[in-house]
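K.L.:
this one's structure only:
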(Lines give C-alpha, C1' and ligand atoms only; values in the text may rest on other atoms or scores of the structure.)
Protein backbone atom coordinates (compact mmCIF):
# COMPACT_ATOMS: atom_id res chain seq x y z
CA UNK A 1 0.00 0.00 0.00
CA UNK A 2 1.07 3.57 -0.67
CA UNK A 3 4.18 4.77 -2.43
CA UNK A 4 6.85 2.09 -2.45
CA UNK A 5 9.62 2.75 0.03
CA UNK A 6 12.73 0.57 0.06
CA UNK A 7 13.00 -1.56 3.21
CA UNK A 8 9.52 -0.46 4.35
CA UNK A 9 6.82 -1.72 1.96
CA UNK A 10 8.74 -2.98 -1.08
CA UNK A 11 7.73 -6.63 -0.60
CA UNK A 12 5.02 -8.13 -2.82
CA UNK A 13 2.62 -10.12 -0.68
CA UNK A 14 2.26 -13.80 -1.49
CA UNK A 15 0.35 -16.83 -0.28
CA UNK A 16 2.14 -20.19 -0.55
CA UNK A 17 0.25 -23.47 -0.17
CA UNK A 18 2.26 -26.64 0.30
CA UNK A 19 1.07 -30.21 0.70
CA UNK A 20 3.70 -31.67 3.02
CA UNK A 21 5.27 -34.97 2.00
CA UNK A 22 5.15 -36.16 5.62
CA UNK A 23 1.91 -35.50 7.52
CA UNK A 24 2.13 -33.64 10.85
CA UNK A 25 -0.07 -35.24 13.53
CA UNK A 26 -2.57 -32.82 15.11
CA UNK A 27 -0.81 -33.02 18.48
CA UNK A 28 2.49 -31.91 16.87
CA UNK A 29 1.23 -28.97 14.77
CA UNK A 30 2.15 -26.35 17.41
CA UNK A 31 5.74 -27.65 17.55
CA UNK A 32 5.92 -27.74 13.76
CA UNK A 33 4.77 -24.11 13.57
CA UNK A 34 7.30 -23.05 16.23
CA UNK A 35 10.12 -24.57 14.16
CA UNK A 36 10.12 -21.42 11.97
CA UNK A 37 12.28 -19.86 14.69
CA UNK A 38 15.07 -22.17 13.43
CA UNK A 39 14.95 -20.23 10.14
CA UNK A 40 15.17 -16.67 11.46
CA UNK A 41 11.57 -16.01 12.51
CA UNK A 42 11.08 -13.93 15.65
CA UNK A 43 8.18 -12.62 17.73
CA UNK A 44 6.16 -15.83 17.28
CA UNK A 45 2.57 -15.62 18.49
CA UNK A 46 0.86 -18.39 20.43
CA UNK A 47 -0.90 -20.92 18.17
CA UNK A 48 -4.54 -20.12 17.48
CA UNK A 49 -7.31 -22.17 15.88
CA UNK A 50 -8.87 -21.39 12.52
CA UNK A 51 -11.29 -23.21 10.21
CA UNK A 52 -11.31 -23.63 6.44
CA UNK A 53 -14.41 -25.18 4.88
CA UNK A 54 -15.27 -27.04 8.08
CA UNK A 55 -11.74 -28.30 8.86
CA UNK A 56 -9.85 -26.87 11.84
CA UNK A 57 -6.13 -26.12 11.95
CA UNK A 58 -3.72 -23.86 13.84
CA UNK A 59 -1.84 -20.71 12.88
CA UNK A 60 0.84 -18.39 14.21
CA UNK A 61 2.17 -15.01 13.12
CA UNK A 62 5.82 -14.06 13.19
CA UNK A 63 8.36 -11.55 11.93
CA UNK A 64 11.22 -12.27 9.54
CA UNK A 65 13.40 -10.04 7.42
CA UNK A 66 12.60 -10.32 3.69
CA UNK A 67 15.55 -9.10 1.60
CA UNK A 68 16.20 -6.19 3.95
CA UNK A 69 12.55 -5.32 4.57
CA UNK A 70 10.92 -6.10 7.94
CA UNK A 71 8.43 -8.82 7.06
CA UNK A 72 5.47 -10.40 8.79
CA UNK A 73 3.91 -13.78 8.07
CA UNK A 74 0.94 -15.86 9.08
CA UNK A 75 1.68 -19.59 8.94
CA UNK A 76 -1.32 -21.95 8.98
CA UNK A 77 -1.20 -25.72 9.22
CA UNK A 78 -4.26 -27.85 8.61
CA UNK A 79 -4.81 -31.58 8.16
CA UNK A 80 -7.36 -32.62 5.57
CA UNK A 81 -7.72 -36.22 4.52
CA UNK A 82 -4.28 -37.78 4.74
CA UNK A 83 -2.42 -34.57 3.83
CA UNK A 84 -1.02 -31.78 5.98
CA UNK A 85 -1.23 -28.40 4.27
CA UNK A 86 1.06 -25.52 5.23
CA UNK A 87 -0.38 -22.18 4.07
CA UNK A 88 1.88 -19.15 4.53
CA UNK A 89 1.00 -15.50 3.93
CA UNK A 90 4.07 -13.23 3.65
CA UNK A 91 4.25 -9.43 3.33
CA UNK A 92 5.96 -6.42 4.88
CA UNK A 93 5.22 -5.55 8.50
CA UNK A 94 4.05 -2.19 7.17
CA UNK A 95 1.32 -3.79 5.03
CA UNK A 96 0.45 -6.90 7.09
CA UNK A 97 -2.70 -5.66 8.84
CA UNK A 98 -4.13 -4.08 5.71
CA UNK A 99 -3.40 -7.06 3.47
CA UNK A 100 -4.64 -9.64 5.99
CA UNK A 101 -8.16 -8.91 4.74
CA UNK A 102 -7.15 -10.31 1.33
CA UNK A 103 -5.95 -13.54 2.95
CA UNK A 104 -9.22 -13.83 4.87
CA UNK A 105 -11.16 -13.37 1.62
CA UNK A 106 -9.25 -16.26 0.03
CA UNK A 107 -9.74 -18.53 3.05
CA UNK A 108 -13.45 -17.72 3.39
CA UNK A 109 -14.10 -18.98 -0.15
CA UNK A 110 -11.76 -22.02 0.05
CA UNK A 111 -13.46 -25.32 -0.81
CA UNK A 112 -11.80 -28.71 -0.35
CA UNK A 113 -12.01 -30.99 -3.35
CA UNK A 114 -14.49 -33.70 -2.46
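P.N.:
That came in fine, so what should we check first? Please read all numbers here as calculations on a predicted model, not as lab measurements.

K.L.:
helix, strand or coil: sort out residue 5 for me.
P.N.:
Following DSSP: H, G, I helix; E, B strand; the rest coil, the label given to residue 5 is coil.

K.L.:
what does residue 95 give?
P.N.:
Under the three-state scheme (three-state DSSP), residue 95 adopts helix.

K.L.:
hmm, it is touching residue 9, no?
P.N.:
Yes - using Cβ atoms under 8 Å, residue 95 is in contact with residue 9, at 5.4 Å. Where you see a C-beta, it was placed from the backbone N, CA and C, and this is true even at glycine.

K.L.:
could you give me the buried positions within the helix-or-strand element of the chain with minimal mean pLDDT?
P.N.:
Counting by mean pLDDT, DSSP states H and E, the weakest-scoring helix or strand in the chain turns out to be helix 93-109, with a mean of 92. Of all the residues in helix 93-109, those buried under the rule 16 or more other Cβ atoms under 10 Å are 93, 94, 95, 96, 99, 100, 103, 107.

K.L.:
point out where the protein drops to low pLDDT.
P.N.:
Residue ranges of the chain with pLDDT under 70: 1-2.
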